[in-house]
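Q: Make a model of this:
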Amino acid sequence: MRVYAAGVVDRLTARSRLPLDYSVASLRIVDFMVDGVRRGRPEIGRVAGLLQGLGAYAGEVIVRRAGARWVDLDPEQRELFGQPVGIRMPDGRVWNPLGKVVNRFELGGPEESMQRFYLLLHGRARKAAAPDAPSVVCC
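A: Down below sits the predicted model:
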């Protein structure tokens, strides 16, 4: 996913000066981009690739800034999240940044902000789960 996110950044910044620098502040740019796409009211199928790319970028910000790592989701998690990959926080919780970007597109509103998502998950510490007891947190 790291390579995929880097490719997304290259494509999105090739023609513009978007400050996609993997900073927490750059997640606000993701929110603005999704909101801009949303205003046109396209069918999700037409923008699914862009949304996936923005979700990968947002996930990579969390990986770099919060010590998370990309993980392949198990079948139960894939069904819950509707995505093949997610991120696991150091405390064992699993999050779905790709799905969170889709939620921002479908629902809008400040509750679906990627920057807010980061700020809410990053500051919460929880006792690390045992390796055989996965902790799954939706969107």
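Q: Find the nearest non-adjacent residue to Leu119, please.
A: Here the nearest residue to Leu119 in space, its sequence neighbours aside, is Val24; by Cβ to Cβ, 6 or more residues apart in numbering that works out to 7.6 Å. (C-beta placed from N, C-alpha, C; glycine too.)
Q: element containing the one you found?
A: For Val24, there is no host helix or strand (DSSP states H and E).
Q: Now do the contacts for it.
A: Val61, Arg65, Gln115, Tyr118, Leu119 (Cβ atoms under 8 Å, 6 or more residues apart in numbering).
Q: Drop anything exposed from those residues.
A: Neighbour-count burial within those applies to Val61, Gln115, Tyr118; the criterion is 16 or more other Cβ atoms under 10 Å.
Q: Which strand or helix spans the second one?
A: Going back to what we said before, that points to Gln115. Secondary-structure element containing Gln115, defined by DSSP H and E: helix 114-122.
Q: Need the mean per-residue confidence for that helix.
A: Along helix 114-122, the predicted local confidence has a mean pLDDT of 88.
Q: now do stretch 10-19
A: On average, stretch 10-19 scores 89.
Q: Ramachandran angles for the closest residue to Arg69 other than its chain neighbours?
A: Take Arg69 and drop its neighbours on the chain: the residue closest to it by Cβ to Cβ, 6+ apart is Arg88, 5.6 Å away. Backbone torsions for Arg88, taken as degrees, to the nearest 10, come to phi -110, psi 130.
Q: Tell me what Arg88 is bridged to.
A: Arg69, Val94 (DSSP bridges).
Q: contacting residues around it?
A: Going by Cβ under 8 Å, 6+ apart, Arg88 touches Ala68, Arg69, Val71, Val94, Trp95.
Q: And the pLDDT at it?
A: 96.
Q: Quick check: buried residues in stretch 26-39?
A: So, applying 16+ other Cβ under 10 Å, buried residues of stretch 26-39: Ser26, Leu27, Ile29, Val30, Asp31, Met33, Val34, Val37, Arg38.
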